[in-house]
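[1] sequence and computational prediction follow.
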Amino acid sequence: MKSIASEMAGILLDLKVAVGDQVQAGQEVAVIESMKMHIPLNSPEGGVVRAIHAQPGQFVNAGDLIVELE
């Protein structure tokens, strides 16, 4: 399983993908707000979005799974 996790604690501001979407390596998939900064989360590799584990507005901790790829 390939996964994309939050790099730091903060609020998930935006999801840029949905289940079933094809993503490329380096593509921005989500944005976290932490300490009034917007931090993009990029996919480390290509794949298809299998599941989304957090929703916009939700608080996430560092290491929390955000998107799962196949």
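    Perfect, thanks for sending it. Source: prediction; values computed, not measured. Numbering: from 1, shown residues only.
[2] hey, let's count contacts and neighbours off CA atoms from now on
    Noted.
[3] Leu13 and Lys36 touch, don't they?
    No: contact criterion Cα atoms under 8 Å: Leu13 and Lys36 do not qualify, at 11.3 Å.
[4] in stretch 33-43, which of the residues would be classed as buried?
    Glu33, Ile39, Pro40, Leu41, Asn42, Ser43 (16 or more other Cα atoms under 10 Å).
[5] again with stretch 2-15
    For stretch 2-15, a neighbour-count test (16+ other Cα under 10 Å) marks Ser3, Ile4, Ala5, Ser6, Glu7, Ala9, Gly10, Ile11, Leu12, Leu13, Leu15 as buried.
[6] ok, now stretch 11-28?
    For stretch 11-28, burial by neighbour count (16+ other Cα under 10 Å) applies to Ile11, Leu12, Leu13, Leu15, Val17, Val23, Gln27, Glu28.
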